[in-house]
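Chemist: Prediction below, plus the sequence it came from.
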Amino acid sequence: MRTIVAAVAVLGVALLACKSETTGTVTVNGAPFEVKQCRSGQANTGATFSGISLFDDKGNQIRFAGKPEGGFRLFHFAPGQPLGTLVGEDCGTLVINQTNTQINGVYNVEGSVSANCTGSGFTIIAALNYAACH
């Protein structure tokens, strides 16, 4: 029994230690977008990408996808939608740094994004630092 309790405690500490962190602000059409989770593009199901996805508690997603030649594309995903809406391209800066740590084969990323993008009925403004996104 003690072994099970110890294993659960270690797992709980590990999960808390790997929680993504964000500081700063993001707005969608002037309303605050409360980031509840940040994920690396490497963790994306289907097709991985260099970048990050930000999620709120309602299932909305904002994706900053880095382009191979530099810059990024910004997408908005409504809850439950597999395809996003392109909001803008190269309308700010995206810094992505891969760390040496990984969880389930996905490297954590950290960096920052500064964006002011308008398109397809959305205006998304971000001034955000992120860490431990996996």
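Modeler: Structure's in. What do you need?
Chemist: After the helix or strand of the chain with the lowest mean pLDDT, which helix or strand is next?
Modeler: Every helix and strand of the chain was ranked by mean pLDDT, DSSP states H and E. The lowest is helix 2-17, at a mean of 42. Next in sequence after helix 2-17, counting helices and strands by DSSP states H and E, comes strand 21-28.
Chemist: For the helix or strand just after that following strand, which strands pair with it and how are they oriented?
Modeler: Using DSSP H and E, the helix or strand that follows strand 21-28 towards the C-terminus is strand 31-32. Using DSSP bridges, the strands paired with strand 31-32 are strand 21-28 (antiparallel).
Chemist: Buried residues, the strand it pairs with. List them.
Modeler: Under the neighbour-count criterion of 16 or more other Cβ atoms under 10 Å, strand 21-28 has Thr22, Val26, Val28 buried. Bear in mind the C-beta positions are built from the backbone N, C-alpha and C, glycine included.
Chemist: for stretch 92-111, same thing?
Modeler: Gly92, Leu94, Ile96, Val106, Asn108, Val109, Glu110, Gly111.
Chemist: pLDDT on that stretch, on average?
Modeler: In this model, stretch 92-111 carries a mean pLDDT of 94.
Chemist: And the contacts of it?
Modeler: 18, 40-43, 50-52, 64, 66, 71-72, 112-117, 126, 129-134 (Cβ atoms under 8 Å, 6 or more residues apart in numbering).
Chemist: Quick one, which of those residues are buried?
Modeler: Buried among those (16+ other Cβ under 10 Å): 40-43, 50-52, 64, 66, 72, 112-113, 115, 117, 126, 130-134.
Chemist: you'd agree Gly119 is up against His76?
Modeler: No: assessed by Cβ atoms under 8 Å, Gly119 is found out of contact with His76, at 9.6 Å.
Chemist: shouldn't Val28 be in contact with Gly121?
Modeler: No: the criterion here is Cβ under 8 Å, and Val28 misses it with Gly121 at 10.6 Å.
Chemist: Okay, and which of the buried ones among the contacts of stretch 92-111 map to strands?
Modeler: 40, 51-52, 64, 66, 72, 112-113, 115, 117, 126, 130-133 (DSSP state E).
Chemist: Out of those, which two are the most distant from each other?
Modeler: Cys117 and Ala132 (24.8 Å; Cβ to Cβ).
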